[in-house]
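[1] Predicted model, plus sequence, below.
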Amino acid sequence: MKPSDLLTFSCLGRLFPLAALVLAGCVNPATGWLRSKTPDATRDADYAECKSVMRSLSGNKLAIDQDIQSARGSDWRQSGTYDMNVASTSGGDNEYANHVLYSCMVDKGYHPRS
């Protein structure tokens, strides 16, 4: 393979994750929940309410995790342990936040889209 080909693959490798992030921003996470005969606007409002409940109950924990990641992130990157440390500092808190959101939506009569 020629060096110019490597540059092309390298550039494409950086563009694919960026494109995935852009497309992910276009997806409405509320569409992952179903409830019989519920209009999209109602489902979106219920999801927003549950998301608000989730933030109020877990916001401080997630904010602390974010502060730790900001303060230690460059050290972790230099040592090659960034992903491992981010997972260890936020894993439980993210699980708790997801559980709160899930429970709220289920309490409102929704079930996850399979």
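    Alright, I've got the coordinates. Numbers count the residues shown, from 1 in each chain.

[2] Now do the helices in this structure.
    Counting by DSSP state H, residue ranges of the helices within the chain are 3-26, 40-79, 82-107.

[3] so for the shortest one, what's the average pLDDT?
    Confidence over helix 3-26 (mean pLDDT, whole number) is 49.

[4] right, and Lys51 touches Leu101 too?
    Yes: judged on C-beta atoms under 8 Å, Lys51 makes contact with Leu101 at a distance of 6.4 Å. Just so you know, the C-beta spots here come from the backbone N, C-alpha and C atoms, and that holds for glycine as well.

[5] and these two? which has more neighbours close in?
    The neighbour comparison of Lys51 against Leu101 (other C-beta atoms under 10 Å) goes to Leu101, with 20 against 17.

[6] How about that one: what's its closest non-neighbour residue?
    Setting aside the residues directly before and after it, Leu101 is nearest to Met54 in space (C-beta to C-beta, 6 or more residues apart in numbering), at 4.5 Å.
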